[in-house]
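Peer 1: below is the sequence, then the predicted model.
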Amino acid sequence: MPSILITGTNRGIGLELVRQYLDEGWEVYATARKLQHATELQQLAEFYPTLHSYKLDVTHHEQRLALASQLKGIPLDILINNAGVYGQDDAFFGHTDEEKWLEALRINTIAPMKIMELFANNIALGEKKIIASMSSKMGSMDDNGSGGSYVYRSTKAALNAVMVSAAHDLKSSGISVVILHPGWVRTDMGGPNGEINVQQSAERLRSILASVTIENSGDFYDIDGSIIPW
């Protein structure tokens with residue numbers, strides 16, 4: 001049975017990815033920062049014995065270590081770093097908040113790196129050997145035609161740099177490292193005017209991941225499967 005670890009699964013795209021992978025017969029290891037409030041995730045656990053849920057604040061060092069200890073030696077086919085925040089929503093020029101910026105950096109950039117470091121051995125034991133992080137087109141320099149959004153753009157651009165370095169460093173272990181743009185999705189972060197819903201986003205993301213090989217390591221995928229320019 002294939003297996004996957006997904007962070008940030010209490011709602012939105014993360015929760016829908018859990019649901020769809022479970023429907024496909026996968027063993028799913030799902031994390032949520034406030035597990036006691038992740039009611040839909042808990043409801044899924046009542047129907048799917050292959051769902052294992054854990055409390056995890058991705059920025060919390062001891063919680064990360066505890067999860068790594070619990071999953072030690074378990075093969076994982078895919079790791080998806082999905083947990084993330086927009087951060088300061090009014091981060092325009094002349095109005096950036098340093099503390100909010102640092103908080104977003106810890107969640108969006110540093111935490112995915114630490115998660116990768118802790119679970120790379122699990123991925124190496126799996127068959128598919130894929131690590132993916134949820135980024136955004138807004139982290140692309142080439143795609144930036146409007147400016148602003150300094151906090152979100154910079155933390156996602158930094159995440160992309162982290163992932164490309166990991167793609168080089170883990171290639172010898174046969175691990176593919178890729179970056180995903182989930183599309184403009186109707187979620188709490190994406191807002192009500194998004195182009196697609198969470199079900200469509202998750203379906204397309206799963207399709208992309210199903211096609212990833214070691215030759216794709218380091219690629220930055222748009223939701224339609226095309227490559228986003230940097």
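Peer 2: Sure thing, it's come through.
Peer 1: what about the strands in this structure?
Peer 2: Counting by DSSP state E, one finds strands in the chain at the ranges 3-6, 27-32, 51-55, 78-81, 130-134, 176-180, 220-221.
Peer 1: tell me who's in contact with L15.
Peer 2: Counting by CB atoms under 8 Å, 6 or more residues apart in numbering, L15 touches 9, 38, 40-41, 198. Heads up, the C-betas are built off the backbone N, CA and C, glycines and all.
Peer 1: of these, grab the buried ones for PyMOL.
Peer 2: To isolate the buried members of these in PyMOL, using 16 or more other CB atoms under 10 Å:
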select buried, resi 9+38+41+198
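Peer 1: save the contacts of L15 as JSON lines, and put in pLDDT and distance to K128 too.
Peer 2: JSON lines is the format used below for those (pLDDT from 0 to 100; distance: CB to CB, whole Å):
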{"residue": "T9", "pLDDT": "98", "distance to K128": "19"}
{"residue": "A38", "pLDDT": "96", "distance to K128": "26"}
{"residue": "E40", "pLDDT": "97", "distance to K128": "26"}
{"residue": "L41", "pLDDT": "97", "distance to K128": "23"}
{"residue": "V198", "pLDDT": "93", "distance to K128": "23"}
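Peer 1: which two of the contacts of L15 have the greatest separation?
Peer 2: For those, the farthest-apart pair by CB to CB is A38 and V198; their separation is 15.2 Å.
Peer 1: thought L56 was touching R33?
Peer 2: Yes - if you go by CB atoms under 8 Å, L56 and R33 touch, sitting 6.7 Å apart.
Peer 1: okay, the two: which has more neighbours?
Peer 2: Set L56 next to R33 and count neighbours by other CB atoms under 10 Å: L56 wins out with 22 against 19.
Peer 1: give me the spatial nearest neighbour of that one, chain neighbours excluded.
Peer 2: Distances taken as CB to CB, 6 or more residues apart in numbering place T31 nearest to L56, at 3.7 Å, with adjacent residues excluded.
Peer 1: check what pLDDT that neighbour gets.
Peer 2: Looking at T31, its pLDDT stands at 98.
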